[in-house]
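**Q** Need the 3D shape of this:
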Amino acid sequence: MPIKSPYPMLSVEEALALIQRHTARLPVIELPFWQAQGFVLAEDVFASEPMPPFPAAAVDGYAVLAADGIGPRQVIGDQAAGYVADLRINPGTAARVTTGAPVPLGADAVVMVEEVEARGEQLDILADRITPGSNIRPVGQDIEANQLVLPESTVLGPPELGLLGTVGQTAVKVFRRPKVAVMSTGDEIIEPHETPQPGQIRDANRFGLMGAVRQAGADPIDLGIVRDKAGSLEETIERGLAEADALLTSGGVSMGQLDLVKPYLARRGTVHFGRVNTKPGKPVTFATVEGKPCFAMPGFPVSALVSFEIFVRPALLKMAGHTEIYRPREPVILAQPLSHTAARTEFQRVVLRRRVDGRLEASTTGFQGSGRLLSMVGANGLVILPQGQSDFEAGEVVEALILDRV
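**A** Alright, predicted model coming up:
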């Protein structure tokens, strides 16, 4: 008799809901702001002072009184950036200023250096007219005092780091990045530098999954290859649980006698699901052990990476404090007919391109076998072929997950 799984078959949506219910943001840490790129803010950041904090010249030129018109001026001195000169602009006078310099007292406009003719300390203005406030950045033009400049949940990139420096926020509170322990299982798996003997294959999953973990903004911990022996498996899983915030395994989750991952996770914690009605990735498993999420991916490399995209990546982003955790979805037009089994929801690898009419078109990456990693190379999308419909014709519109820039 066939072995029957004790785990009910869930839909993709049911599985995602369970993952979100049982994952939480990690604790908040404080970092020097220049080390916080890629982290998610755990606090609102306000400006304590306006920017600029003084009226500043927006160009190199001459500070003048606009009411004097375009008549000649007497240059009384220089005002460069970085200090305040003892100058006051009275009718008939002007001062040389550089970009970013404080505007001298009395002046209400700056004339660009290209619009004047200077002869020693005498200045003739060539502009047709002078408008009060021209070429002057007023106090608070960029940022007002006490203004909210970065709200909680902002992902810190280069502009945000520059803004933190601008407002003097030298330390920031952020959500900690997840540490993810990654391991491959199987007696047939060897390291990439080794020569396969009959019946052996080099490990692809561990390195693909560690790369996916890094791409999701988390930090992988390499647990290596674990043989299909209970003691070895248990020891490595316990090490991962001790060192990391989440566990990510590949292989050992089907129904064979040597598939030991699910039984051990069930003994140590709670298996929330052990089967999902999806292709690839049907035996994907999600458990929690002492509050830590554990994801067991199938052994085929494409199944492992696609399952990571669908189920693991959103959880890691949530743990790191992100609020937008799912890949964007868009309708796409199929460039070729696609074969599909109606019994399961399928994620096929495609190359997306933008047509001249602005719509997205999806071209298959070829044979979609779960062991063919070449079907993932160059793919910037996953078309979603839903349960209930069999084959799809060229020209039909389906939904796609956008994995990378189109």
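**Q** Just list whatever residues bridge to residue 397.
**A** Note on residue 397: beta-bridge partners by DSSP bridges are residue 333.
**Q** just checking, it touches residue 332?
**A** Yes - if you go by Cβ atoms under 8 Å, residue 397 and residue 332 touch, sitting 6.9 Å apart. C-beta coordinates here come from the backbone N, C-alpha and C atoms, glycine included.
**Q** Just want to know which of those two has more residues nearby.
**A** Between residue 397 and residue 332, residue 332 has the larger neighbour count (other Cβ atoms under 10 Å), namely 24 against 13.
**Q** Test my guess that the more buried one contacts residue 354.
**A** No - the criterion here is Cβ under 8 Å, and residue 332 misses it with residue 354 at 10.2 Å.
**Q** Now do stretch 168-183, average pLDDT.
**A** Stretch 168-183 carries an average pLDDT of 98.
**Q** swap in stretch 146-162?
**A** Mean predicted lDDT for stretch 146-162 stands at 98.
**Q** Kindly report the same for stretch 199-215.
**A** pLDDT averaged over stretch 199-215 gives 96.
**Q** And for stretch 231-245?
**A** Here the average pLDDT along stretch 231-245 is 94.
**Q** What residues sit buried inside it?
**A** Counting neighbours by 16 or more other Cβ atoms under 10 Å, one finds that the buried residues in stretch 231-245 are 233, 236, 237, 240, 241, 244, 245.
**Q** which residues does the last one contact?
**A** Residue 245 makes contact with 26, 176, 178, 179, 180, 292, 319, according to Cβ atoms under 8 Å, 6 or more residues apart in numbering.
**Q** can you rerun that using 6 Å?
**A** Residue 245 makes contact with 178, 179, according to Cβ atoms under 6 Å, 6 or more residues apart in numbering.
**Q** 291 is where my numbering starts, stick with that
**A** Shifting the count to begin at 291 puts that one at residue 535.
**Q** sorry, back to before: including distance to residue 294, could the buried residues of stretch 521-535 go into a markdown table?
**A** Listed next are the buried residues of stretch 521-535 as a markdown table, based on distance: Cβ to Cβ, whole Å:
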| residue | distance to residue 294 |
| --- | --- |
| 523 | 23 |
| 526 | 28 |
| 527 | 25 |
| 530 | 29 |
| 531 | 29 |
| 534 | 33 |
| 535 | 34 |
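**Q** could you dump those to CSV with secondary structure and distance to residue 312?
**A** Formatted as CSV, these follow (DSSP: H, G, I helix; E, B strand; the rest coil; distance: Cβ to Cβ, whole Å):
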residue, secondary structure, distance to residue 312
523, helix, 22
526, helix, 22
527, helix, 18
530, helix, 18
531, helix, 15
534, coil, 16
535, coil, 13
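**Q** and of those, the nearest to residue 553?
**A** The nearest member of those to residue 553, counting by Cβ to Cβ, is residue 523 at 9.7 Å.
**Q** just checking, that closest one touches residue 516?
**A** Yes - with contact defined as Cβ atoms under 6 Å, residue 523 reaches residue 516; the gap is 5.3 Å.
**Q** hey, what's in contact with both of these two?
**A** Contacts common to residue 523 and residue 516, judged by Cβ under 6 Å, 6+ apart, are absent.
**Q** Between which two of the buried residues of stretch 521-535 is the distance greatest?
**A** Taking Cβ to Cβ, the two most distant members of these are 523 and 535; they sit 20.2 Å apart.
**Q** buried stuff in the longest strand that the chain contains?
**A** Counting by DSSP state E, the longest strand found in the chain is strand 635-644. For strand 635-644, burial by neighbour count (16+ other Cβ under 10 Å) applies to 635, 636, 637, 638, 639, 640, 641, 642.
**Q** likewise stretch 384-394?
**A** 384, 385, 386, 387, 391, 392, 393, 394.
**Q** Show me the helices in the stretch 541-690 of the chain, by range?
**A** Along the stretch 541-690 of the chain, counting by DSSP state H, counting those that start in this stretch, helices occupy 551-558, 591-597, 603-609.
**Q** okay, and for this protein, where does confidence drop off?
**A** Counting by pLDDT under 70, the chain contains low-confidence ranges at 291-293, 543-548.
**Q** if we look at stretch 362-373, which residues are touching it?
**A** Counting by Cβ under 6 Å, 6+ apart, stretch 362-373 makes contact with 375, 377, 383-388, 390-391, 394, 411, 413-414, all of which sit outside it.
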